[in-house]
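A.B. asks: Sharing a model prediction with you, sequence too.
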Amino acid sequence: MSNIKDVYQSGDWKAEKHVPAIKAPDAIKLGQAFKITVKVGEEIAHPNTTEHHISWIAVYFHPDGEKFPVEIGKFDFTAHGASAKGPNTSTIVTEPCVEVSFKTEKSGTILATSYCNIHGLWESSKNLKVE
């Protein structure tokens, strides 16, 4: 029997097209709302076809000293070039990129996860300091 933590994969988003790349400041001011962007395929494009695509990205924040992270947002991607005419016949394809804003009074870790329908679950993280 495996645990969920055992099936998540990680890597350097500059060399692996499945890793969610987190773009966020290293530090923010106390109470300041800020934007983060999470994208799969930042350096190496992900195909995003009917047969091979990113289904979702989820973003969490784990405040220092807290037991559990807080879910900031979950984003589903449902346009992968499929249509009533068949696979890859539509010109509408979702790009797996999201932007979300939030604020926090504690430093912690931004966590991002994504799911590729062929290559499974992927994760990445970025530290955030509140000054």
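C.D. replies: Received, thanks.
A.B. asks: quick one: the helices in this protein?
C.D. replies: Applying DSSP state H to the chain gives helices spanning 4-7.
A.B. asks: Gly73 versus the nearest residue in space to Lys14 that is not next to it in sequence, what's the distance?
C.D. replies: Spatial nearest neighbour of Lys14, excluding adjacent residues (Cβ to Cβ, 6 or more residues apart in numbering): Glu43 at 4.6 Å. To be clear about C-beta, it is placed using only N, CA and C from the backbone, and glycine gets the same treatment. Using Cβ to Cβ, to the nearest Å, we find Glu43 at a distance of 23 Å from Gly73.
A.B. asks: got it, and Val100?
C.D. replies: Distance from Val100 to Gly73, by Cβ to Cβ: 5 Å.
A.B. asks: got the buried residues for the helix or strand bottoming out on mean pLDDT in the chain?
C.D. replies: Lowest by mean pLDDT, DSSP states H and E among the helices and strands of the chain is helix 4-7, with a mean of 83. Buried positions in helix 4-7, judged by neighbour count with 16 or more other Cβ atoms under 10 Å: none.
A.B. asks: Output it as CSV, nothing but the C-alphas.
C.D. replies: Output of helix 4-7 as CSV, limited to C-alpha atoms (Å, rounded to 0.1, in the frame of the first residue of the first chain):
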residue,chain,number,x,y,z
ILE,A,4,-0.2,9.9,-1.3
LYS,A,5,3.2,11.5,-0.4
ASP,A,6,4.8,8.5,-2.1
VAL,A,7,3.3,9.2,-5.5
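A.B. asks: what touches both of Val100 and Gly73?
C.D. replies: Jointly contacting Val100 and Gly73 under the rule Cβ atoms under 8 Å, 6 or more residues apart in numbering are Val59.
A.B. asks: Show me which residues of stretch 86-105 are buried.
C.D. replies: Buried residues in stretch 86-105 (16+ other Cβ under 10 Å): 93-94, 96-98, 100, 104.
A.B. asks: Which of those lies at the shortest distance from Ser2?
C.D. replies: Using Cβ to Cβ, Pro96 is the member of the buried residues of stretch 86-105 that sits closest to Ser2, with 25.2 Å.
A.B. asks: Settle this for me: the closest one is touching His52, isn't it.
C.D. replies: No - judged on Cβ atoms under 8 Å, Pro96 makes no contact with His52 at a distance of 11.9 Å.
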